[in-house]
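Asker: Give me a model of this one.
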Amino acid sequence: MNKINPKRILVMKFRNIGDVLLTTPLIKNLRFNFPDAIIDIAVNKGSKEMVTLNPNINEVIIYDRAKIKKYSPIKRIIEEIKFALSIRKKSYDMVINTTKGDRGAQLALISGAKIKVGYSGEKNILTKNVFTNYLPKQELRHTLEMDLDTLREFNLDIKEKKVEIFWSKEDEEKVDDILKKENIEIKNFIHIHAVSRWMFKCINDITMAKIIDYCEDHLAIKVILTAAPVSHEIERLNNILSLCNSKPIVLSGKLTLKQTVCLNKKAKIFIGVDTSIMHISAANNIPVLAFFGPSGTDHWGPWDNDMMESGYTKRNGFQTMGKHRVIAESRDCQPCGKDGCDGTKISDCLMNLDFEFIKKNINEMVND
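Answerer: This is a model prediction of the structure:
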């Protein structure tokens, strides 16, 4: 295949927070291969914190999906066109759409880039033949590996597979002040993010309360709890706290996302469900104990930055990758990718996890 040498590259990831974070190995390896190129990334508003301050990125372009959806149909079309033309004006040589979404395909089409990389859109006649280079299906591979397929397509070097995230000095100072006020030493607390924006990813509240109490009362290690500043997450966390006998430190809604990232870096281990904070913990090289139900560990398990190959070889059941551990049942229906069983928003496979097995793993990780 002919060697390419793009001067301006756009990576597009119009997905959620964790998905955006997992693109950073692609960005880093693009920088390795094209050290003098302009490398930008386009993401949905709300996920930009995963890539801001990243030294390998020149510009983070924000698509405000929620704002545009509120407009009238005509106004919405006008705003979509304006956004597309703003991409075209940047004269990219190479555009990479890392998902199957129509928006990325449409922007690639309008971009005018000579090299357009993405996934087949056979269901949409308008975007069916957009790309000059098509990427393979994910199959049973980790999402991080899927993002790196662009490099393989052009026989480019993959020098490392490290997920990276960055924060400011001001964020560091804010977190240090909190820990000092609470008299908590670095690497002497457990960070637990107990809930998800998707409630069907949550374990039983009673089990989570037992985990918190076990860490605080039996292991005598302080627990710091975080949650997003949204009502349904804070309400769920409050219910968990009502079931606890211990008194963990609760920082729900008190930290920005970047400050949560910084706090996490100072923890001994992380315990939580399948959320962006889990991926952030792995990026911070903090040992993760995660609970998986409807989502597949092979696609979304916490990635160990010290490894070059995924350790997740099964779709369900208990698995490890380096320092990280995923607890999941081994039901034939897992992973189903559904929002709970029979539309209930509750996943049965997360309701009766073996607490003795959870304790065993926490013990081993804390004493490792």
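Asker: The spatially most central residue of the chain and Asn133: what is the separation?
Answerer: Centrality entry for the chain: nearest residue to the mean C-alpha point is Gly18, 1.4 Å, by CA atoms, centre = their mean. For Gly18, the distance to Asn133 equals 26 Å [CB to CB, to the nearest Å]. Just so you know, the C-beta spots here come from the backbone N, C-alpha and C atoms, and that holds for glycine as well.
Asker: for Asn285, same thing?
Answerer: Note on Asn285: its distance to Asn133, by CB to CB, is 33 Å.
Asker: pLDDT at Gln106, what is it?
Answerer: pLDDT recorded at Gln106 is 92.
Asker: What's the first helix or strand after the host helix or strand of it?
Answerer: For Gln106, the host element (DSSP states H and E) is helix 102-111. Remark: after helix 102-111, the chain's next helix or strand is strand 115-118, criterion DSSP H and E.
Asker: I'd like the next helix or strand past that next one.
Answerer: Downstream of strand 115-118, the first helix or strand assigned by DSSP H and E is strand 133-134.
Asker: now that following strand: how far from the chain's centre is it?
Answerer: 25 Å (CA atoms, centre = their mean, to the nearest Å).
Asker: for that strand, packing partners?
Answerer: Applying 3 or more CB pairs under 8 Å, 6 or more residues apart in numbering; DSSP states H and E, we find strand 133-134 packed against strand 115-118.
Asker: got the CA coordinates for the strand it packs on in CSV?
Answerer: Taking C-alpha atoms only, strand 115-118 is exported to CSV below (Å, rounded to 0.1, in the frame of the first residue of the first chain):
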residue,chain,number,x,y,z
ILE,A,115,-8.5,10.1,2.4
LYS,A,116,-11.7,9.2,4.1
VAL,A,117,-11.7,6.3,6.6
GLY,A,118,-14.8,4.7,8.1
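Asker: Just give me the neighbour total for Thr132.
Answerer: Neighbourhood size, Thr132 [other CB atoms under 10 Å]: 14.
Asker: 894 is where my numbering starts, stick with that
Answerer: Fine by me, first position is 894 from now on; the one you just mentioned is Thr1025.
Asker: Sketch out the helices for the stretch 894-1043 of the chain, chain order is fine.
Answerer: Secondary structure of the stretch 894-1043 of the chain, counting by DSSP state H, counting those that start in this stretch: helices at 910-914, 917-926, 958-962, 966-981, 995-1004, 1036-1040, 1042-1046.
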